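> Fold the following and give me the result.
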Amino acid sequence: MPELPAQRATIRDVAPQLRAEADRLLDFALKSQVEHGFGWLDDAGGLLDRPLELWVTCRMTHSAALGLLTGRTEFAAMVDHGVGALRTAFRDAEHGGWFARIDAATGAVVDGSKEAYAHAFVLLAASSAVVAGRPGAAELLDEARRVHEAHFWLEAKTRVRESFSADWATAEPYLGINSVMHTVEAFLAVHDVTGETLYLDRAEAMTRQMAGWARTRDWRIPEHFDGNGAVLPEYNRDRPTDPFRPYGATVGHGLEWSRLALSVVAARRTRGASYNSDVLVAAATGLAERAVADGWAADGADGFGYTTDWAGRPVVRARLHWVVCEAIAAAYAMHEETGDERWAGDIVTWWRYAQQYLIDTAQGSWHHELSAGNQVAHETWEGKPDVYHALQMCLLVGDGLPLAPSFATALAARRRN
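This next block holds a predicted model:
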């Protein structure tokens, strides 16, 4: 990768590097296919001996669809494999919905629970496969929409129920912001595919609600709530490195929500109606600026820490790859919206950091976790389970995609033009 001094480099200079990295990530993703879905890869790209996760299979199916939509025809078979796994091995034919985990060798159910986080990715994978024109994708999306509407959408609280037992009889007495965030992402994609404004309306309502919570907390987002919607600020204080429900404020979520808020704004504008974007643009700015102030080199070393307490003090100092991916994507969105060149400079700075520490040029993909000293670590994450965050970011910046429509639809439009 040719080096350019960060102070002189521009987005245009680094965009080809990001686009090339997208193809390298796709090459790594091809290694994950197994009989019943997509497996969890280790650092070298080998399969780990662990159950197949619904969210991994969905994210790899979505990633394969993006690969196909960039013109790499070899990914058609990978998309079809993912759609097939979601219509067979992971599908609960008795109760409906999709199993959380199945055995890699036999396809037997390991965890039959129904998770909002993973079901959001069923919607995303199905919608991307529809855009890619793959067989069975429309039927998968129709079923995923019905399941989500019947069980997860919680109209009274403008959010989603977190999880259920396999038979849907018992709901978990917890509500989380992570599943809400990925439901927003999925709803934006479904809106693009179906044209139904209901999904955009709900995505915007969830985003505005999140912004209200964050605004009152100096733009740190409360992550955890009880079943009635009351904030649980001390949740998992004794398990701060939890990969999905860590204690405190999650730096990467502030960045990811910033980008999504601007994607909602862009989606509204594409509909041609007069739209007051001030609240969401202000929220995106506040979230991004707070996350950068709290997260980037907050302990003296380059990199974004994972979490902080409610005063912004670092809690988990590990550097997770997805956080810098979302930082670059958020900076791109902020630059697109505001034209402020400081965000362009941040893209270059954070990309250079990723090149130096996170991108594994020897074995492929990105190291998923580094220590506070930027050494490869595995305290929170084992191996390299998927390419979703890095791939989306590299395509967004490398291809110069718009903030709306969402990734698959934008890539399809780019190819048509």
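> can you pull out the strands in the stretch 301-417 of the chain?
Assigned by DSSP state E, counting those that start in this stretch, the stretch 301-417 of the chain shows strands spanning 307-308, 319-320, 369-370.
> Quickly compare those strands and say which is most buried.
strand 319-320 (a mean of 27; mean count of other C-beta atoms under 10 Å). (C-beta placed from N, C-alpha, C; glycine too.)
> What mean pLDDT does that one get?
Across strand 319-320, the average pLDDT comes to 98.
> helices and strands around it, which ones?
For strand 319-320, the packing partners by 3 or more C-beta pairs under 8 Å, 6 or more residues apart in numbering; DSSP states H and E come out as strand 369-370.
> what's in contact with the strand it packs on?
Contacting residues not belonging to strand 369-370 are listed as 303, 318-321, 357-358, 376-381 [C-beta atoms under 8 Å, 6 or more residues apart in numbering].
> CSV for those residues, including distance to Arg59?
What follows is these, written out as CSV (distance: C-beta to C-beta, whole Å):
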residue, distance to Arg59
Gly303, 23
Ala318, 21
Arg319, 21
Leu320, 16
His321, 14
Tyr357, 23
Leu358, 18
Val376, 22
Ala377, 22
His378, 20
Glu379, 22
Thr380, 17
Trp381, 14
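> Write a PyMOL command that selects only the buried members of these.
Only the buried entries of those go into this PyMOL selection, using 16 or more other C-beta atoms under 10 Å:
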select buried, resi 303+318+319+320+321+357+358+377+380+381
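> Just give me the neighbour total for Gly112.
18 (other C-beta atoms under 10 Å).
> ah, wrong one, I meant His335
19.
> Mind jotting down where the helices sit in the stretch 51-200 of the chain?
Assigned by DSSP state H, counting those that start in this stretch, the stretch 51-200 of the chain shows helices spanning 54-69, 75-87, 116-131, 137-147, 177-194, 197-215.
> re the thing from before, nearest to Gly227, out of the contacts of strand 369-370: which one, please.
Thr380 (26.3 Å; C-beta to C-beta).
> for the chain, which spans come out with low pLDDT?
Residues of the chain that meet the criterion pLDDT under 70 lie in 1-8, 273.
> same thing but 90
Where the chain drops to pLDDT under 90, the residues are 1-9, 271-276, 415-417.
> wait, Glu223 sits on His253?
Yes - the pair Glu223 and His253 qualifies as a contact (C-beta atoms under 8 Å) at a distance of 7.1 Å.
> so what sits against both of the two?
Once C-beta under 8 Å, 6+ apart is applied, the residues that Glu223 and His253 both contact turn out to be 177-178.
> Distance to Glu185 for the strands of the stretch 301-417 of the chain - can I get that in TSV?
Output for those, formatted as TSV (distance: least, C-beta to C-beta, whole Å):
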stretch	distance to Glu185
strand 307-308	21
strand 319-320	18
strand 369-370	22
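> Specify the stretch among the ones you listed that is closest to Leu411.
The nearest among those, by C-beta to C-beta, is strand 319-320 at 26.0 Å.
> That closest one pairs with which strands?
strand 369-370 (antiparallel) (DSSP bridges).
> What separation is there between His335 and Leu403?
Taking C-beta to C-beta, to the nearest Å as the measure, His335 falls 11 Å from Leu403.
> re earlier: Leu395: which of the strands of the stretch 301-417 of the chain is closest?
Closest among the strands of the stretch 301-417 of the chain, once you apply C-beta to C-beta, is strand 319-320, at 20.1 Å.
> outside of the closest one, which residues touch it?
With C-beta under 8 Å, 6+ apart as the test, strand 319-320 has contacts from 252, 303-306, 357-358, 368-372, 374, 380-381.
> ditto for stretch 125-144
By C-beta under 8 Å, 6+ apart, the list of residues contacting stretch 125-144 reads 57-59, 61-62, 65-66, 68-69, 76, 79-80, 82-84, 86-87, 119, 122-123, 186, 189-190, 192-193, 406-409, 411-412.
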